[in-house]
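Asks: Sharing a model prediction with you, sequence too.
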Amino acid sequence: MTAPVVVASWISLQYFGSTVAPKAFGGGNKLLHNVVGGMGVVEGNGGVLRPGLPWQSVHDGEHLVHEPLRLSVCIEAPKEAITQILDKHADVRALFDNRWLHLFALDEKGHMAWRYSGDLEWQSVDTDTNAVAN
């Protein structure tokens, strides 16, 4: 759960940020990119470091090509085992506790059974509608 979730979050959040706030988190126009220190790019010969994806990666010239959604991580395992991992790895837990990602535990049939609600707590999911039960 640790490395795969962290890497998936980097990719997902890079697309998310580059789509919803391209001036702050996007990479600008790739035709003008100059790589700086392996950490980002600048447009042309100066300006602000642009750490995200180029506009051409998220837009086709007329429409966004990526719907800005936060990643849903679905794991087929007992929620108690997932909770133990979250308790042991605070940085991974923070991705879910701070709502950057969503976490679901699947039952033995592969259906969403539990949704992580933060602070090592879970809510059951109605298996008929996949709605969170209150």
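Replies: Right, received. Where do you want to start?

Asks: contact partners of the lengthiest helix in the chain?
Replies: Counting by DSSP state H, the longest helix found in the chain is helix 2-20. Applying Cβ atoms under 8 Å, 6 or more residues apart in numbering, the external contacts of helix 2-20 come out as 24-27, 52-53, 55, 57-58, 64, 66-71, 73, 85, 89, 91-92, 95, 100-101. Yep, even glycine has a C-beta here, placed from its N, CA and C like the rest.

Asks: now, which of these lie within helices?
Replies: Using DSSP H, the subset of the contacts of helix 2-20 located in helices is A24, F25, W55, S57, V58, I85, D91, V92, L95.

Asks: Could you work out the most separated pair of these?
Replies: W55 and I85 (36.8 Å; Cβ to Cβ).

Asks: between the two, who's got more neighbours?
Replies: Using other Cβ atoms under 10 Å, the more surrounded residue of W55 and I85 is W55, with 18 against 15.

Asks: so the more buried one makes contact with L32?
Replies: No: contact criterion Cβ atoms under 8 Å: W55 and L32 do not qualify, at 10.5 Å.

Asks: got the contact list for whatever helix or strand A113 lives in?
Replies: For A113, the host element (DSSP states H and E) is strand 112-118. If you take Cβ under 8 Å, 6+ apart as the criterion, strand 112-118 is touched by 74, 79, 82, 86, 96-97, 99, 102-107, 122-125, 127, 130, 132.
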